[in-house]
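Participant: Here is a sequence together with a model predicted from it:
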Amino acid sequence: MTTAPVHDVPLADYTTLGLGGPAARFVTARDTEELVSAVAAADSVGEPVLLIGSGSNLVIGDDGFPGTVVHVDSQGVRLTPVGPAGRGRVQLRVSAGAEWDTLVEYSIAEGLNGLEFLSGIPGRVGSTPIQNVGAYGQEVSETIAEVLVYDRRTGERRVMAGDECGFTYRNSIFKGDDRYVVCEVVFELTRAHRSRPVRYAEVARTLGARIGDQVPLAEARDVVLRLRRSKGMVLDPGDPDTRSAGSFFTNPVLGPEEFTEFGKRVAERLGPDVEPPAHPDGTGRVKLSAAWLIEHAGFGKGYGRGPARISTKHTLALTNPGGATTADLLELAREVRAGVAEVFGVTLVNEPVMVGAGL
């Protein structure tokens, strides 16, 4: 059984931002059975439900949450060979409450590639398919074979294959829709001593490698962790810059006409010789750098007009160095979004999930 609910628990204690008002009811689920039971019990009486893991991609309003918050703390990893044991591919079945970076570290120790460039990302496994978590040229959708979900509409459990999950850039069928509760995720990885091909220029430069090279797994993880730490993107209680929700805005993706208009604005505002980072996505669309847009719209590292501020290490993270409220953070986010729209005609979209809050 799940633990008995506790009332008026401050959710600021369960988010990496250290922000959020109280939960009316709070219960911890330590395995898949408890997770399903807790959600079903709340649904049976019409109670609003919020699932929370480590709160690393979550912005909760100052008024808190008026229903039941289920803290997903289920654990467990099971490795199954696909084909002859010790060779080829394997599957890792992982409970939703397992810590993500602990899983990445484990996969590398086991000599499995496919997750190495996702090292250092805070959060738990259950949140990764929801956001289609990605970094440095790698996304979890590339390795997710299936997701075990609880369907709140039918009251049944269901296995969804990776191609049923609707994965797109930082999005999935699960995002913005609370019908499905992610209970377990199955990743299919490859036994190899070297990484998947390097796709990200910054990683390649730091490694002294070329795009497309494959490097030792441990070396790939080490470089990614160093890069993330330099940007305040690895949780550190002693570093106020890590008191954030990670990247606050997604990188905008523009169609051909939008990109042409964007180029005109850049030339007008910054000069004809300025070339912003732009990455074709293979479909005729172009992905921009939200961090570049923010900085060149006049919001540098450390910018802030109140208790909330932009990270001193990376313009894409909004932080709570101490004493901020969610309202303070949202005011800063709106200012940044409006400034980028005014200068470049591009509207930034928040990446963290908003609960009782919005831009």
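Facilitator: Right, received. Where do you want to start?

Participant: What is the neighbour count of the residue nearest to residue 162 when sequence neighbours are not counted?
Facilitator: Nearest residue to residue 162, sequence neighbours excluded (CB to CB, 6 or more residues apart in numbering): residue 144, at 4.5 Å. The C-beta positions use only the backbone N, C-alpha and C, and glycine is treated the same way. If you count neighbours by other CB atoms under 10 Å, residue 144 ends up with 23.

Participant: For residue 144, give me its contacts.
Facilitator: Neighbouring residues of residue 144 by CB atoms under 8 Å, 6 or more residues apart in numbering: 129, 162, 165, 167, 185, 186, 187, 188.

Participant: now, which of the residues you listed sits nearest residue 352?
Facilitator: residue 129 (16.2 Å; CB to CB).

Participant: contacting residues around the strand or helix carrying that closest one?
Facilitator: Residue 129 is located in helix 128-131, with elements delineated by DSSP states H and E. Contact with helix 128-131 is made by 57, 100, 140-141, 144, 147, 165, 167, 170-172, 174-175, 182, 185, 351, as judged by CB under 8 Å, 6+ apart.

Participant: Emit the ChimeraX select command for whichever of these are buried.
Facilitator: With 16 or more other CB atoms under 10 Å as the criterion, this ChimeraX line picks the buried residues out of those:
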select :57,100,140,141,144,147,165,167,170,171,172,174,182,185,351
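
Participant: Just the contacts of helix 128-131: which are in helices?
Facilitator: residue 100 (DSSP state H).

Participant: which strand in the chain runs the most residues?
Facilitator: strand 180-191 (DSSP state E).

Participant: Check which helices and strands that one sits against.
Facilitator: helix 32-44, strand 89-95, strand 112-113, helix 128-131, strand 144-151, strand 156-161 (3 or more CB pairs under 8 Å, 6 or more residues apart in numbering; DSSP states H and E).

Participant: What pairs with the shortest one, parallel or antiparallel?
Facilitator: Each strand paired with strand 112-113, and its direction, by DSSP bridges: strand 180-191 (antiparallel).

Participant: Return the distance of the strand it pairs with from the chain's centre.
Facilitator: 16 Å (CA atoms, centre = their mean, to the nearest Å).

Participant: and the angle for it with strand 156-161?
Facilitator: 30 degrees (axes from the mean of the first three to the mean of the last three CA atoms, to 10 degrees).

Participant: Tabulate the helices and strands packed on strand 180-191 in TSV, adding columns for distance to residue 289 and mean pLDDT.
Facilitator: Below are those laid out as TSV (distance: least, CB to CB, whole Å; pLDDT from 0 to 100):
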stretch	distance to residue 289	mean pLDDT
helix 32-44	37	97
strand 89-95	31	96
strand 112-113	27	96
helix 128-131	19	95
strand 144-151	26	98
strand 156-161	32	98
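
Participant: Determine which stretch of those is the most buried.
Facilitator: helix 128-131 (a mean of 26; mean count of other CB atoms under 10 Å).

Participant: Using PDB, write out every CA atom in the helix holding residue 129.
Facilitator: C-alpha atoms of helix 128-131 as PDB (Å, rounded to 0.1, in the frame of the first residue of the first chain):
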ATOM      1  CA  THR A 128      12.200  11.500 -19.800                       C
ATOM      2  CA  PRO A 129       9.600  10.200 -22.300                       C
ATOM      3  CA  ILE A 130       7.200  13.000 -21.400                       C
ATOM      4  CA  GLN A 131       9.700  15.700 -22.400                       C
END
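
Participant: which is the next helix or strand following it?
Facilitator: Trace forward from helix 128-131 with DSSP H and E and the next one is strand 134-135.

Participant: Paired strands for that following strand, with orientation please.
Facilitator: Counting by DSSP bridges, strand 134-135 is paired with strand 138-139 (antiparallel).

Participant: Do a quick rundown of the helices in this structure.
Facilitator: Going by DSSP H, the chain shows helices at 32-44, 100-109, 128-131, 201-207, 217-230, 256-270, 290-296, 326-344.
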